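>>> how does the following fold in three dimensions:
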Amino acid sequence: MALVLHATRNKNVYKALIVAEYTGVTIELAPNFEMGVSNKTPEFIKMNPIGKIPVLETPDGPVFESNAIARYVCRLKADNPLYGSSLIDYAHIEQWIDFSSLEIDANLIYWFKLRTGRLVYLPPAEEAAIAALKRALGALNVHLSSNTFLVGHSVTLADIIATCNLYMGFAHLMPKSFTSEFPHVERYFWTMVNQPNFKKVLGEVKQTESVLPVQAAKKPAHPKEAAKPKPKEEPKKKEAPKEPKAEAAEEEAPKPKPKNPLDLLPPSKMILDDWKRLYSNTKTNFREVAIKGFWDMYDPEGYSLWFCDYKYNDENTVSFVTLNKVGGFLQRMDLARKYAFGKMLVIGSEAPFKVKGLWLFRGQEIPQFVMDECYDMELYEWTKVDLSDEAQKERVNQMIEDQEPFEGEALLDAKCFK
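Numbers count the residues shown, from 1 in each chain. Have a look, this model is predicted:
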């Protein structure tokens, strides 16, 4: 009986196929395998009770879990050099298999699920996954700075599994701007995927140019219930018509929507939309036109200005994650669009990046409904601008203008809420 691999082609399947190329073993892919259909059949469930792929069908029975399958195929050849030449080689190979699975693959999969909607996207969860991944890649980078392969001086099972685990990251999540921080990992990955036996399975590998965009979380499909037979309708007895009750006939008048407390404040001479229009339409001489116009319009009795500083800048180690974090904050501030204007600056030419902002709010305090409904607010330190301090007033001008350098540092990006 030939070895039959039940699965669609993916990085977990590639492990066994690459090992087979090195070992001289023939593995056939199950014909017409369809994910979500073939793996739900009673025959498949007998091979893997939870219906996951891949599953290898062997003369001695089925094997599931991709690393176990790769080990099995490796063992089909006595004294296979993929398992090293000594007991310590074997231990180190197992060590790096576990490391790449638990520290690299697990974090890549979690990041991938957040991005593809298989999990609800939460920026703090993504940041934690990326931080853990970068920690692992950093450790791997140190090891590879003085080693061509993970163990010894030739390809082993550890290299095959580690490269397949890295494959999803390079293909979908980690552009050059991300991996350039780990040059030895880069060199290692491209060396591996261009080995002849790897190339037979993987083909030409290309690195993604950008991280996968965030997709909305997918709602689980609920199986439709079988249609129930309708009971036979018995002929209804005619009843004397009842007079409608007066109270039932009368519809309740809709209750007026409660006003936002900010709408009850005394009128302000500052028309926020006029300022937003001036800001958007000023393309040249920004200081002379827009900044001057702002202070001419500004009403210190009807509005207040606030600086905000992100509390956890040391976590801002990945540029696009930091930018996404700020973008998400501005989206969640949409509830305050009628009452606010904001500028958010992402500062620095290298990690960790600083996030600082300037906000104009209706009233003398930050609106309570914003504090209650936008969870990002508590991630920032908020300081009311003292307009009697000329230095603070100039800082307001610089933030509105996106002045660069800002406080001695380059701007990575500037975003406006208007």
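>>> every contact and neighbour count from this point should use C-alpha atoms.
Will do.
>>> ramachandran coordinates for Val25?
Main-chain dihedrals, Val25, degrees, to the nearest 10: phi -110, psi 140.
>>> dump the residue contacts of the residue nearest to it when sequence neighbours are not counted.
Spatially, and ignoring its direct neighbours in sequence, Val25 is nearest to Val73 (7.5 Å; CA to CA, 6 or more residues apart in numbering). Residues in contact with Val73 (CA atoms under 8 Å, 6 or more residues apart in numbering) are Ala16, Val19, Ala20, Thr23, Val25.
>>> what do you get for Leu3?
Thr26, Ile27, Glu28, Leu56, Glu57, Thr58, Pro59.
>>> just name the closest of those residues to Ala414, please.
Leu56 (52.4 Å; CA to CA).
>>> and the pLDDT for the closest one?
On pLDDT, Leu56 comes in at 96.
>>> for the remainder of this discussion, apply numbering that starts at 33.
With 33 as the first residue, the last one maps to Leu88.
>>> and what about it, helix, strand or coil?
Reduced to three states with DSSP: H, G, I helix; E, B strand; the rest coil, the structure at Leu88 is strand.
>>> so how many other residues sit close to it?
29 (other CA atoms under 10 Å).
>>> that one and Leu390, how far apart?
59 Å (CA to CA, to the nearest Å).
>>> please enumerate residues in contact with stretch 69-89?
35-40, 44-45, 94-98, 101.
>>> now tell me which helix or strand of this protein has the poorest mean pLDDT.
helix 278-281 (a mean of 44; mean pLDDT, DSSP states H and E).
>>> output the contacting helices and strands for the longest helix seen in the chain.
Across the chain, the longest stretch assigned as helix under DSSP state H is helix 155-176. Judged by 3 or more CA pairs under 8 Å, 6 or more residues apart in numbering; DSSP states H and E, helix 155-176 is in contact with helix 138-148, helix 215-225, helix 351-364.
>>> buried deepest among the ones you listed, which one?
Most buried of the helices and strands packed on helix 155-176 by mean neighbour count (mean count of other CA atoms under 10 Å) is helix 138-148; its value is a mean of 20.
>>> check the offset of that helix from the chain's centre.
Distance of helix 138-148 from the chain centroid (CA atoms, centre = their mean, to the nearest Å) equals 7 Å.
>>> likewise stretch 157-166?
9 Å.
>>> list the buried residues of that stretch.
Neighbour counts over stretch 157-166 (16 or more other CA atoms under 10 Å) mark Glu158, Glu159, Ala161, Ile162, Ala163, Ala164, Leu165, Lys166 as buried.
>>> kindly report the same for stretch 83-96.
Gly83, Lys84, Ile85, Pro86, Val87, Leu88, Glu89, Pro94, Val95, Phe96.
>>> now the end-to-end length of it.
End-to-end distance (CA to CA), stretch 83-96: 10 Å.
>>> now swap in stretch 439-450 and tell me
24 Å.
>>> got it, and stretch 88-96?
End-to-end for stretch 88-96, by CA to CA: 6 Å.
>>> kindly report the same for stretch 342-361.
End-to-end distance for stretch 342-361: 11 Å, by CA to CA.
>>> residue ranges of the strands in the chain, please?
35-38, 59-61, 87-90, 93-96, 335-342, 372-379, 386-394, 412-416, 443-449 (DSSP state E).
>>> and Glu241, which of those is closest to it?
strand 443-449 (19.0 Å).
>>> can I get the closest one in PDB? Just the C-alpha atoms.
Only the C-alpha atoms of strand 443-449 are listed here, as PDB (Å, rounded to 0.1, in the frame of the first residue of the first chain):
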ATOM      1  CA  LEU A 443       7.500  62.100  11.700                       C
ATOM      2  CA  LEU A 444       6.600  58.600  10.600                       C
ATOM      3  CA  ASP A 445       3.000  59.700  10.000                       C
ATOM      4  CA  ALA A 446       0.400  62.300  10.900                       C
ATOM      5  CA  LYS A 447      -3.300  61.600  11.000                       C
ATOM      6  CA  CYS A 448      -6.200  64.100  11.200                       C
ATOM      7  CA  PHE A 449      -9.600  63.600  12.800                       C
END
